[in-house]
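Visitor: my questions concern the predicted model and sequence given below.
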Amino acid sequence: MGFSTIHWYRYASPQAFYPLAGTLAPLFLAIAMGLGLIGLFIAFFVAPTDFQQGEAYRIIFIHVPAAWMSMFIYLVMACWGAVGLALNARLSFMMAQALAPTGAMFTLVALVTGALWGKPMWGAWWVWDARLTSELILLFLYLGAMALHSAVDEPRRADKAFAVFALVGAINVPIIYFSVKWWNTLHQGASISLTKAPAMAAVMLWGMLILALACWAYSIGAAMLRVRCIIAEREREASWMNEMREAE
Amino acid sequence: MKARHKRFAFIAAGIAAVAIAATLVLNAFRSNLVFFYTPSQVANGEAPKGTSFRIGGLVEQGSLKRANNSLDAHFMVTDTAKRIEVVYSGILPDLFKEGKGVVAQGKLESDGLFHADQVLAKHDENYMPPEAAEALKKAGALNEKTGKSLVTTTEQAR
Amino acid sequence: MMHWNSTGEFFAMGGYGFYVWVSYGLTALCLAGELWMLHSRRRRIERAGDEA
């Protein structure tokens, strides 16, 4: 009953969402900070040494959450783009646009930490196997989508171009995820999956999951801050913006 | 005028990004989807001849021989069905061990040996503390567990 | 704490200190960089608003 009585659609307009995003951003960033500290404590002080990789495996605690976020954010971004195209909702396009830089940042983190992990363990910073190559393509998809949006002058057309580009590029996400199953790669298979028991000691797993949640909260916080900037930049001629500015 | 220049730069950057992505995809589909060939594939003549390629599998137990006064190493790569003898001169990665996964790049020469110029360790997705690994080893389950993921990848590739 | 006998051992990371700490350092830099960029974008908007 409670859910339907709150008028959720009220928040579907940039004007109504703007103050809500302002409240949510610091909240989620604080959650990210808290979870991040707990996760790092587990990663460095509670989790044991690995039997094969020694202490070098501790890179997993940021590498895997970052890689998950890079794929997940892309899917969420494509979904917002699809909602925007279907309902012609401005806020959806703005949310999609707000997620791209954070997704690109996590992709970069996954690639860089992967290189720093690959060098001591595999013996190479980089190899052109299917997993690494498809993750690099993901970075170019994020950058391409962002460049496309800035290249189109008319905001509404830019939104649509961005959404279509994001949707087409979404095909790369399952390719990244299943690359280690479909082809032979240097990169190992997934330690965590829905279909089998995790191939990780429980404490290690907990550290990684908590840090993944921290990245999740961080992404929401950063996207909220960015969507506020986007709304403020795009609606600066709107009367509600001026009223709010005067009220402050 | 300035805005037009900026716009042009962005379009150029966008096209460049898409072009780079497309090149990478095509390149990946052409050759890199098969990152390595298994000894069985090589035996079947599926691996490229005369050019450099990668082989992958497990380092056979008891097959590693290192020279005393140089970095030369000899070892067998096996997928449990076929095996290939590899010679390599250089520093082996930290995770290079008998019974563990390996991917080597090089050429199959007329002497029947695979002359590698790069040797990479392929580890599996299992993470556990040494004590747990020790307990598993005592139970005889460790090699089965850690080795399986690599043999299955080589089996899939076959 | 649990399995580190000294601070030196902690920073050495079993000989992999360089890779581990550079990984964590660059990640922290990326996160801080993004937040800083968001902060300066916000400030730019507020300045433009004051002038208007």
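Guide: Arrived safely. Numbering: from 1, shown residues only, chains lettered A, B, ... in the order given.

Visitor: ranges for the helices of chain B?
Guide: Remark: helices assigned in chain B by DSSP state H are B:2-27, B:39-43, B:130-138, B:142-157.

Visitor: give me phi/psi at residue 68?
Guide: Because you didn't say which chain, this covers chain A. phi -60, psi -50 (degrees, to the nearest 10).

Visitor: my question was about chain B
Guide: phi -70, psi -40.

Visitor: quick one: it from B:G90, how far?
Guide: 16 Å (CB to CB, to the nearest Å). In this view, the C-beta of every residue, glycine as well, is placed from N, C-alpha and C.

Visitor: and chain C, which of its residues are near chain A?
Guide: Remark: the part of chain C in contact with chain A comprises C:1-4, C:10, C:13-16, C:19-20, C:22-24, C:26-27, C:30-31, C:33-35, C:37-38, C:41-42, C:45, C:48-49, C:52, using CB under 8 Å from any CB of the partner chain.

Visitor: PyMOL command for the buried members of those?
Guide: A single PyMOL command selects the buried members of the residues of chain C next to chain A (16 or more other CB atoms under 10 Å in any protein chain shown):
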select buried, chain C and resi 13+16+19+20+23+24+26+27+30+31+34+37+38+41+45
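
Visitor: anything in stretch A:126-135 near chain C?
Guide: No. Using CB under 8 Å from any CB, stretch A:126-135 stays clear of chain C, coming no nearer than 14.2 Å.

Visitor: where does the prediction get shaky in chain C?
Guide: C:1-2, C:52 (pLDDT under 70).

Visitor: middle-most residue in chain A, spatially?
Guide: What sits nearest the mean C-alpha location of chain A, by CA atoms, centre = their mean, is A:I73, with 3.3 Å.

Visitor: how about chain B?
Guide: Judging by CA atoms, centre = their mean, chain B has its centre closest to B:V103, at 2.7 Å.

Visitor: secondary structure element for A:L20?
Guide: helix A:14-41 (DSSP states H and E).

Visitor: how about that helix against chain B, any contact?
Guide: No. Counting by CB under 8 Å from any CB, no contacts exist between helix A:14-41 and chain B, the nearest distance being 15.9 Å.

Visitor: give the buried residues for that helix.
Guide: Those would be A:14-15, A:17-18, A:21, A:24-25, A:28-29, A:31-32, A:35-36, A:38-40, for helix A:14-41 by 16+ other CB under 10 Å.

Visitor: can you tell me how far B:K137 is from B:F96?
Guide: 19 Å.

Visitor: more neighbours: which of the two?
Guide: The neighbour count for B:K137 versus B:F96, taken as other CB atoms under 10 Å in any protein chain shown, is higher for B:F96 (21 against 14).

Visitor: for that one, grab phi and psi.
Guide: Dihedral angles for B:F96 - degrees, to the nearest 10 - are phi -70, psi 120.

Visitor: list the beta-bridge partners for the residue nearest to it when sequence neighbours are not counted.
Guide: Among residues not flanking B:F96 along the chain, B:A121 sits closest, at 4.9 Å (CB to CB, 6 or more residues apart in numbering or on different chains). Beta bridges link B:A121 to B:V102, judged by DSSP bridges.

Visitor: B:A121 against A:P120, yeah?
Guide: No. Using CB atoms under 8 Å, B:A121 makes no contact with A:P120, being 9.9 Å away.

Visitor: out of those two, which sits in the more crowded spot?
Guide: A count of neighbours by other CB under 10 Å puts B:A121 above the other of B:A121 and A:P120, at 24 against 20.

Visitor: phi, psi for the residue nearest the centre of chain C please.
Guide: Nearest to the mean C-alpha position of chain C, by CA atoms, centre = their mean, lies C:A28 at 2.0 Å. Per-residue torsions, C:A28: phi -60, psi -40 (degrees, to the nearest 10).

Visitor: measure it to B:E134 for me?
Guide: C:A28 is 35 Å from B:E134, by CB to CB.

Visitor: and if you look at A:R157?
Guide: Distance of A:R157 to B:E134, given as CB to CB: 63 Å.

Visitor: need the pLDDT of the residue of chain B found nearest chain C.
Guide: Residue nearest to chain C within chain B: B:D94 (8.8 Å; CB to the nearest CB). On the pLDDT scale, B:D94 is placed at 87.

Visitor: next one, pLDDT for the residue lying closest to it once chain neighbours are set aside please.
Guide: Excluding its sequence neighbours, the residue lying closest to B:D94 (CB to CB, 6+ apart) is A:P120, at 6.1 Å. If you check A:P120, the pLDDT there is 93.

Visitor: quick one: which of B:N68 and B:G90 has more around it?
Guide: Taking other CB under 10 Å, B:N68 and B:G90 do not tie; B:G90 has more neighbours (12 against 5).

Visitor: in chain A, what spans have low per-residue confidence?
Guide: Looking at chain A by pLDDT under 70, you get A:1-10, A:194-195, A:248.

Visitor: and the helices in the chain, which stretches?
Guide: All of this is about chain A. Applying DSSP H to chain A gives helices spanning A:2-5, A:14-41, A:60-87, A:90-121, A:130-151, A:155-169, A:172-182, A:202-234, A:239-247.

Visitor: that was the other one, I meant chain C.
Guide: For chain C, applying DSSP H gives helices covering C:7-12, C:17-51.

Visitor: can you say which of the ones you listed is nearest to B:Q41?
Guide: Proximity to B:Q41 (CB to CB) singles out helix C:17-51 among those, at 33.2 Å.

Visitor: and the angle from the closest one to helix A:90-121?
Guide: With axes from the mean of the first three to the mean of the last three CA atoms, to 10 degrees as the basis, helix C:17-51 and helix A:90-121 are set at 160 degrees to each other.

Visitor: hang on, the earlier thing: give the contact list for the residue nearest to the centre of chain A.
Guide: A:L99, A:T102, A:G103, A:F106, A:S219 (CB atoms under 8 Å, 6 or more residues apart in numbering or on different chains).

Visitor: what's the answer for A:L143, then?
Guide: A:L143 neighbours (CB under 8 Å, 6+ apart): A:A104, B:A13, B:A17.

Visitor: and of the residues you listed, the nearest to B:S40?
Guide: Of the contacts of A:L143, the one sitting nearest to B:S40 (CB to CB) turns out to be B:A17, at 40.1 Å.
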